[in-house]
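*Asks:* A predicted structure for the sequence below; I have some questions about it.
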Amino acid sequence: MSDDVLRFEDLTVDFQVGGTTHRAVDKVSFAVRPGEVLAVVGESGSGKSVTSLAALGLLPPNASVGGRISFAGEDVLAMSRAELTALRGRRVAMIFQDPVGALDPVFSIGYQLIEMIRAHQPSLSRAEVRSRAIELLELVGIPEPEARLRYYPHQLSGGQCQRVMIAIAVACDPELLIADEPTTALDVTVQQEVLDVLLAMRSKISGSILIITHDMGVVADVADRVVVMRQGSVVETAEVHDLFDRPSQPYTKALLDAVPRSRGRDSTASGVDGGVVPALAIESLVVEYRGRRGKIVRAVDDVNLELKPGEITGLVGESGSGKSTIGKSVLGLAPITAGQVRVAGQPMTAGTSAVLREARSRIGVVFQNPTGSLNPRATIGQSIGEPLAVHRGVRGVELRGRVEELLESVELPSAWYGRYPHELSGGQRQRVSIARAISLDPALLIADEPTSALDVSVQATVLELFRSVQERFDFACLFISHDLAVVDQVSDRVAVMSGGRIVEQGDREAVLRAPQDPYTVRLLEAAPVPDPREQTRRRGLRLAG
Amino acid sequence: MLRFTIRRVIELVLVFFGVTFAIYAAVWALPGDPISSLGGDQPLSPQVVERIRELYHLNDPLWSQYFRYIGNLLTGDLGVDFRGRSVAERLATRWPVTIRLAVTAWIIQVVIGVGLGLLAGLRKNTWIDRGVLIMTILVASVPIFVMAVTAQLVFGVKLSLVPIAGVNDGWPLSYLLPATVLAIYGLAAVARLTRGSVVDTMSSDFVRALWAKGLTRRRVIGIHVLRNSSIPVLTYLAIDLGALLGGAVVTEGIFNLPGVGQLLFESIRVHEGPTVVGIATALILIFLLTSVVVDLLNSLLDPRIRHD
């Protein structure tokens, strides 16, 4: 079709890295039609971001581009620097993943917005530019826009920064807006607001939107059509309803299946009666930090939580809600201001250091970033065996045997004992972290966002492994996550945190299916589900109400 | 901001007293008696030595001497040297020479160092970048006296472009050669720092976003990259100016410039305590002042510091 806004034809992108050529995009063809929202979805390394950067000539100098990119019939790859400058911002605008990092930290947002308007509409007077800037901030829902012009990026939240980026992007009524993972760095409730603003812009600028994302929920929420990419190639292009109802490619199917959904996990803890000592008991816990200027920040505020042996409790909340601080205070890594934490009956605030060390050796931990939490200079066998050697004094052949058993229990070949973390993928490294965490047969496991650094298909396999390991070793687990769907999938009980307090807790079904607290309700509604019809219904409700 | 300022002032006062006292103690701890050597070949009589020691309160305990000195300092009195000349007056004739030298050297560093760094940073990993690196390191690895004497020979004697030594031709002609030699040693650091800062800024997310806004190259680099990259460089340059003002001893000696560095060197050699302490006190004040200027500059350039 000749009236396509943007067209990629057999696009290839090669990167020169240290003398070798790495193909990031391989013969990609698709087009953005006028007025539509096209989502490009794929996992990390699929080439989706590289493709979009190529459209604006924004690739780094070590990239070489082949094929054809045409914008409104003009060949983008053949454009001179001046022609590209005229295209960027004026006709094709772009917003990025990290909104705080995408704004220049040393200039006010007003300066950056006005700079954009002046660059493309030099005929406007100073006063006209200023009133246009205020109008734009108002449009994207920034309160008190006139005063906010003087604010610097660090004075605004991530969501507000992304709104400012959108204001800058739509300042000159572009024909195409490219949004590269625009909400990945944001909390779900903020994500929803930003997506609403983004969609509202479509009618205002009467342009098309190309949105790049890894999140099938976001796709279902905003897209008209979808391009699925994998390892630099297009797997499937389809209308959004067709894609979710009848995915034609096995990879698309796998991707959709990998999205965590409730699977009606049997509650294993229900049979335990009340007389048992809880694996973890948190009573009236308060954690305070001394912030800047001696101001006291209360990160955890009067929290009560109890985990029965063998029970998984999901602790959900947005960033800054205090959920990770609770995990840290159980491990003795956060100052307990008031209240009590008991692990298998042992208070963690009292006792000799030897008693506490023994108690802590009964707690396993899995962190978010498996790359950062494994020693890069130690083999994975050494990393897994270290707790056994330190706390149990296991040595030599026996240690090796135990480590190999542990590797097998997380479905890694025992022959990988001598491998180093960098030889493993992210998902495999997280399996190693799990093996290390369960090496001392813990009564309690703290898992802090264990899958949020992983791609969705990898996340699915790790979560599955996690559940089977839990069933086998039967430890209690505090599963900390921002992702409601993940918590839904693994937990017996759910506790929802907001502003340092637990606003709601109970059995998974009760909390997630019939939430009582307004915050839980908002959180559940904000998390996009991979179902376009459901998302359209929710959006309709939101706009009506 | 007020809290920050108060804390900063208290720090400055503590550093000032701590360092001046340390220097005072160090000068008085130097071996040899400066008084008995005042007479040169003819030894002074014990009565005269005792008289002078009394005059300069040299028999008092160290702390009482120090507080007397500080007390006089607060009224602007730097005292007199062992020949009875006012230290303040001696310094007054010396400072203009040193300031001209240091500021000229500093300007050369700013213009050439920042220029080269900017060039290297924007042309990362090209022959220009490597050339700048090699050149600055090569030049800086030549000892300063070799560099100074070679420069005198080539530009002063052979080419007769500039005077070889002394200040008879005034500023800028007399200062050009010594300032260039002095500047060369800071050039490498300034150029490397600027290059690194520019490379970091150029690869940051917001610069990519600025390109995507459709701004011209002149605007992206001239306004955004320059201001962001300049923050660490300016901090260094301000401290560097302080170092140049106090560190030109060798250069002033070779080029026979009657500046503070030369006076300091002479005074240490003859155990001229009052002068040494006077110069040191002035240099400490300069350093403290530059560190305040650095703080102000940083908060002016970086709103994140201003709002902290």
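*Replies:* That came through fine. Numbering: from 1, shown residues only, chains lettered A, B, ... in the order given.
*Asks:* taking chain B, what residue is nearest to chain A?
*Replies:* Chain B approaches chain A most closely through residue B:214 (2.8 Å), counting by Cβ to the nearest Cβ. C-beta here means a position set from N, CA and C on the backbone, and glycine is covered the same way.
*Asks:* list the residues that contact that residue.
*Replies:* A:85, A:86, A:87, A:88, A:89, A:90, A:119, A:120 (Cβ atoms under 8 Å, 6 or more residues apart in numbering or on different chains).
*Asks:* how does it look with 7 Å?
*Replies:* A:85, A:86, A:88, A:89, A:90, A:119, A:120 (Cβ atoms under 7 Å, 6 or more residues apart in numbering or on different chains).
*Asks:* tell me which element it falls in.
*Replies:* Assessed by DSSP states H and E, residue B:214 sits outside every helix and strand.
*Asks:* quick one, phi psi at it?
*Replies:* phi 80, psi 30 (degrees, to the nearest 10).
*Asks:* I'd like the distance between it and residue A:108.
*Replies:* Distance of residue B:214 to residue A:108, computed by Cβ to Cβ, to the nearest Å: 20 Å.
*Asks:* count of residues packed around residue 48?
*Replies:* Using chain A. Neighbour count of residue A:48, defined by other Cβ atoms under 10 Å in any protein chain shown: 27.
*Asks:* try chain B instead
*Replies:* 14.
*Asks:* could you say which helix or strand holds the closest residue to residue B:140 other than its chain neighbours?
*Replies:* Leaving aside its sequence neighbours, residue B:140 sits nearest to residue B:188 (Cβ to Cβ, 6 or more residues apart in numbering or on different chains; 4.3 Å). Residue B:188 belongs to helix B:173-202 when assigned by DSSP H and E.
*Asks:* and that helix, what's buried?
*Replies:* Residues of helix B:173-202 classed as buried under the neighbour-count rule (16 or more other Cβ atoms under 10 Å in any protein chain shown) are B:174-199, B:201-202.
*Asks:* equivalent analysis for stretch A:513-525, please.
*Replies:* A:515, A:519, A:520, A:523, A:524, A:525.
*Asks:* farthest-separated two in those?
*Replies:* A:519 and A:525 (10.9 Å; Cβ to Cβ).
*Asks:* before we move on, the earlier item: so what's the residue nearest to residue B:140 up against?
*Replies:* B:136, B:137, B:140.
*Asks:* count the residues that sit near residue B:127.
*Replies:* Residues lying near residue B:127 (other Cβ under 10 Å) number 8.
*Asks:* tell me the SS of residue A:113?
*Replies:* Secondary structure state of residue A:113, per DSSP: H, G, I helix; E, B strand; the rest coil, is helix.
*Asks:* who are the contact partners of residue B:117?
*Replies:* Per Cβ under 7 Å, 6+ apart, neighbours of residue B:117: B:190, B:191, B:192, B:193, B:194, B:195, B:198.
*Asks:* for those, could you give me TSV that also reports pLDDT and distance to chain A?
*Replies:* Output for these, formatted as TSV (pLDDT from 0 to 100; distance: Cβ to the nearest Cβ, whole Å):
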residue	pLDDT	distance to chain A
B:190	92	21
B:191	92	22
B:192	90	22
B:193	93	18
B:194	94	17
B:195	93	17
B:198	94	15
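*Asks:* count of neighbours near residue A:289?
*Replies:* Around residue A:289 there are 14 residues (other Cβ under 10 Å).
*Asks:* what residues sit buried inside the one helix or strand it maps to?
*Replies:* Per DSSP H and E: residue A:289 is located in strand A:280-290. Residues A:280, A:281, A:282, A:285, A:286, A:287, A:288 are the ones in strand A:280-290 that count as buried (16+ other Cβ under 10 Å).
*Asks:* what about the residue nearest to the second one when sequence neighbours are not counted, which SS state?
*Replies:* What it means is residue A:281. Once flanking residues are discounted, residue A:281 sits nearest to residue A:342: 4.3 Å by Cβ to Cβ, 6+ apart. Following three-state DSSP, the label given to residue A:342 is strand.
*Asks:* over to residue A:57?
*Replies:* Secondary structure, three-state DSSP: residue A:57 is coil.
*Asks:* break the chain down into its structural domains.
*Replies:* Looking at chain A here, since you left the chain open. A:102-173, A:280-376+A:425-508 (the TED database).
*Asks:* switch to chain B, that's the one I care about
*Replies:* Domain ranges of chain B: B:2-73, B:91-301, per automatic domain parsing.
*Asks:* how much space between the nearest residue to residue B:221 once chain neighbours are set aside and residue B:219?
*Replies:* Spatially, and ignoring its direct neighbours in sequence, residue B:221 is nearest to residue B:122 (7.0 Å; Cβ to Cβ, 6+ apart). Relative to residue B:219, residue B:122 is positioned 14 Å away (Cβ to Cβ).
*Asks:* cool, residue B:17 as well?
*Replies:* 49 Å.
*Asks:* of these two, who's got more company?
*Replies:* residue B:219 (17 against 13).
*Asks:* that one is in what secondary structure piece?
*Replies:* helix B:217-219.
*Asks:* which residues are in contact with the closest residue in space to residue B:147 that isn't next to it in sequence?
*Replies:* In this structure, residue B:147 finds its nearest non-sequential neighbour in residue B:181, 5.4 Å apart by Cβ to Cβ, 6+ apart. Contacts for residue B:181 (Cβ under 7 Å, 6+ apart) come out as B:144, B:147, B:148, B:151, B:251.
*Asks:* for the helix or strand containing the second one, packing partners?
*Replies:* Per DSSP H and E: residue B:147 is located in helix B:144-151. Helices and strands in packing contact with helix B:144-151 are listed as helix B:173-202, helix B:249-254; criterion 3 or more Cβ pairs under 7 Å, 6 or more residues apart in numbering or on different chains; DSSP states H and E.
*Asks:* between those helices, which has the poorest mean confidence score?
*Replies:* Ranked by mean pLDDT, those end with helix B:249-254 at the bottom, a mean of 84.
*Asks:* ok, and what's touching that one?
*Replies:* By Cβ under 7 Å, 6+ apart, helix B:249-254 touches B:144, B:145, B:148, B:149, B:178, B:181, B:182, B:259, B:261, B:262, B:264, B:265.
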